[in-house]
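A.B. asks: all I have is the shape, not the residue letters:
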């Protein structure tokens with residue numbers, strides 16, 4: 001941790017973390033630092049190292065330049081789109097998807113597998129419901 005941050009980097013970090021539904025502890029676990037370090041960064045008391053800044057940006061699913069300098073440097077970035085089964089598309093800037101991904105990263109593999117099975121079950125129920133709607137038309 002080095003010199004003081006730009007006046008709004010800590011606020012951007014905190015706002016983004018909250019948008020994703022992450023606690024300071026969860027972000028600290030993902031980045032591999034103490035909760036006190038995250039708190040200090042958010043209070044703009046110190047600056048994360050370059051390595052930690054990259055880890056924070058990855059955890060918060062944002063660009064490190066946006067964290068450092070604000071939205072002016074992030075305006076031209078295009079959201080990533082992921083195809084599922086060649087049909088459904090999920091935008092990576094979807095806050096709910098980001099929250100789920102960030103929370104999954106801190107769970108043990110056994111819990112992630114359990115969540116995966118539950119998600120598959122819900123997807124199958126949704127597909128079945130859509131199929132019934134088609135036949136009802």
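C.D. replies: All right, it came through fine. Remember, predicted model here, so these are calculated numbers, not experimental data. Numbering: from 1, shown residues only.

A.B. asks: in terms of helices and strands, where is the most centrally placed residue in the chain?
C.D. replies: The chain has residue 98 as the residue nearest its centroid, 3.8 Å off, counting by Cα atoms, centre = their mean. In this assignment (DSSP states H and E), residue 98 forms part of helix 95-106.

A.B. asks: tilt between the next helix or strand after that helix and helix 95-106?
C.D. replies: As assigned by DSSP H and E, the chain's next helix or strand after helix 95-106 is helix 109-136. Interaxial angle of helix 109-136 relative to helix 95-106 (axes from the mean of the first three to the mean of the last three Cα atoms, to 10 degrees): 150 degrees.

A.B. asks: ramachandran angles for the closest residue to residue 56 other than its chain neighbours?
C.D. replies: Excluding the flanking residues, the one nearest residue 56 by Cβ to Cβ, 6 or more residues apart in numbering is residue 31, at 5.7 Å. Where you see a C-beta, it was placed from the backbone N, CA and C, and this is true even at glycine. Torsion angles at residue 31 (phi, psi; degrees, to the nearest 10) stand at phi -80, psi -30.

A.B. asks: and what of the one 10 residues further on?
C.D. replies: Backbone torsions of residue 41, given as degrees, to the nearest 10, read phi -60, psi -40.

A.B. asks: pLDDT score for it?
C.D. replies: Note on residue 41: pLDDT of 94.

A.B. asks: my guess is it meets residue 47, correct?
C.D. replies: Yes: contact criterion Cβ atoms under 8 Å: residue 41 and residue 47 qualify, at 7.3 Å.

A.B. asks: who has more neighbours, these two?
C.D. replies: residue 41 (26 against 19; other Cβ atoms under 10 Å).
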